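S.K.: The following block contains a protein sequence and its predicted model.
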Amino acid sequence: MHIEDSTRREWLVGCAAAGITAALALPAVADEETEKLTARRLKMLRTCESLTAAFRYFGDQDKPFYQITYHLGDFAAAGDNSFDRVTKLDRDAMLKLLDALAKDGFIATAGDISTKDIKPAVGYSLTLTAKKKDGGAEFKELGWQSINGNGHVELYRPLGWDLKMIERLEALRPALDGEAAKDMDFLLGRLTGLKQQWQKGK
């Protein structure tokens, strides 16, 4: 009887250990799948002829927050509003920004706007528009639905309205140069007061 009890205890401990090991392994598996998806999506996006990254603010504002747009390829020019900044990037600069967005997690988590009922949330959001001739099937394989033609997707994700949102934007800043960097500096500069306020509230 003593031997049976001992064996049973060992068996239960073994099961518990296996369960703990499996539970601990789940995040690693999820992370690995996310990395694979990000790599596949990034590889495809890097081949697009036209790319646009638009950072937009939605909500109340006593003084306008900056709206900034970076684009490669065809896209409308900026208007007369000084708070609406549009900068054209060459391919190398846009690909550098894409790499930063992959590291941020945006590329893995962004959803296409054609199949989602998206309601604006207070704060900044990022919409990445990508165009590739006859790229509809490739986008679909990656979980994105084309709109306005066979190779046009608009990928959206809210960035929030808190300290973490500012930290995400700050993390993208090193990927930008020249006028593009200046645009982000304007945006972040406008948020300085809120950053200090939110830091105090941590």
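M.R.: Right, received. Where do you want to start?
S.K.: quick one: the helices in this protein?
M.R.: 2-45, 91-104, 106-109, 136-141, 163-172, 178-190, 192-200 (DSSP state H).
S.K.: For residue 67, which of those is the nearest?
M.R.: helix 178-190 (8.4 Å; Cβ to Cβ). Backbone N, C-alpha and C define where each C-beta goes, glycine included.
S.K.: just how off-centre is that closest one within its chain?
M.R.: With Cα atoms, centre = their mean, to the nearest Å as the basis, helix 178-190 stands 19 Å off its chain's centre.
S.K.: for it, packing partners?
M.R.: strand 67-72, strand 84-88, helix 163-172 (3 or more Cβ pairs under 8 Å, 6 or more residues apart in numbering; DSSP states H and E).
S.K.: relative to helix 192-200, how tilted is it?
M.R.: 60 degrees (axes from the mean of the first three to the mean of the last three Cα atoms, to 10 degrees).
S.K.: residues making contact with helix 178-190?
M.R.: 55, 63, 65-66, 68, 70, 85, 87, 89, 93, 97, 166, 169-170, 172-173, 176 (Cβ atoms under 8 Å, 6 or more residues apart in numbering).
S.K.: tell me the centre residue of the chain?
M.R.: Centroid-nearest residue in the chain: residue 106, 1.5 Å away (criterion: Cα atoms, centre = their mean).
S.K.: So for residue 118, what's the nearest residue that isn't a sequence neighbour?
M.R.: Ranked by Cβ to Cβ, 6 or more residues apart in numbering and with sequence neighbours excluded, the top spatial neighbour of residue 118 is residue 156, at 6.0 Å.
S.K.: does that neighbour really touch residue 114, like I thought?
M.R.: No. Between residue 156 and residue 114 there is no contact under Cβ atoms under 8 Å: 10.1 Å.
S.K.: The two: which has the busier surroundings?
M.R.: Neighbour count, other Cβ atoms under 10 Å: between residue 156 and residue 114, residue 156 has more, with 18 against 14.
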